[in-house]
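*Asks:* structure here, sequence nowhere to be found:
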């Protein structure tokens, strides 16, 4: 009887092995957020719903389309699927206010490739970008400093790193330590720092703080964040939803 039970158990485990493996793989799928939703591996949920060819390196969205970045390729999903070739592996992706993709060769836009080395960039009346030497507009340095992120809020450009610098009026303010990612909402700046999420006003004053160990951030009608392996949703006041 024990022999038969052992054989039956082995057969059952053998039958369940593919399902167990699939569940394990599903649990390990990388989680990324975009304004209005999230992607678990290749499966996109929220404002856009799609199955991508694989987990994206980078993910972002504007009002009309979702962008997923892969080595040598950028996908645009807007009712259909459009593939935009890239010359190398993307380093950063910004869908708003206009599309920019950071590359080793420069900054890709739909207007062409700008040959500037950047940690982050955005396209307004020109291409603004930051690196460890400062904030630039198309090769002209506007402010010296070690900046990591650049965002636009109400027509002004914010360079962010160890401090905040606002162009064109030159306003500066301290920032929370350990900045990892910055996003702009309609009325405020949102930061992912080493000790949590922050909501800042236009002057750089802290309006709200949500403690936690977050590793991704996206801002739309809600604030989407990744903490550990889980998805968190907050209001624009950083209240739990």
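*Replies:* Everything's here; your move. Nothing here was measured: the structure is a model prediction, and the numbers come from that model. Numbers count the residues shown, from 1 in each chain.
*Asks:* what mean pLDDT does the helix or strand where residue 233 lies get?
*Replies:* Residue 233 belongs to strand 230-234 when assigned by DSSP states H and E. Average pLDDT, strand 230-234: 97.
*Asks:* do the same with stretch 198-211
*Replies:* Stretch 198-211 comes out at a mean pLDDT of 98.
*Asks:* quick one: end-to-end length of it, please.
*Replies:* End-to-end distance of stretch 198-211: 9 Å, with C-alpha to C-alpha, to the nearest Å as the criterion.
*Asks:* could you pull up the residues touching residue 76?
*Replies:* When contacts are counted by C-beta atoms under 8 Å, 6 or more residues apart in numbering, residue 76 touches 65, 66, 67, 82, 83, 84. C-betas here are computed from N, CA, C, even on glycine.
*Asks:* 6 Å instead?
*Replies:* 65, 67, 82 (C-beta atoms under 6 Å, 6 or more residues apart in numbering).
*Asks:* now for the second one, how many residues are close by?
*Replies:* Other residues within reach of residue 67 by the criterion other C-beta atoms under 10 Å amount to 24.
*Asks:* can you check residue 93 too?
*Replies:* The tally of other residues near residue 93 (other C-beta under 10 Å) stands at 21.
*Asks:* which SSE is it in?
*Replies:* Using DSSP H and E, residue 93 falls in strand 92-94.
*Asks:* direction included, what does that strand pair up with?
*Replies:* If you go by DSSP bridges, strand 92-94 pairs up with strand 100-103 (antiparallel).
*Asks:* contact partners of the partner strand?
*Replies:* Contacts with strand 100-103, where a contact means C-beta under 6 Å, 6+ apart, come from 88, 90, 91, 92, 93, 94, 107, 108, 109, 118, 121, 123.
*Asks:* also stretch 127-139?
*Replies:* By C-beta under 6 Å, 6+ apart, stretch 127-139 touches 114, 116-122, 126, 141-147, 150, 157, 159.
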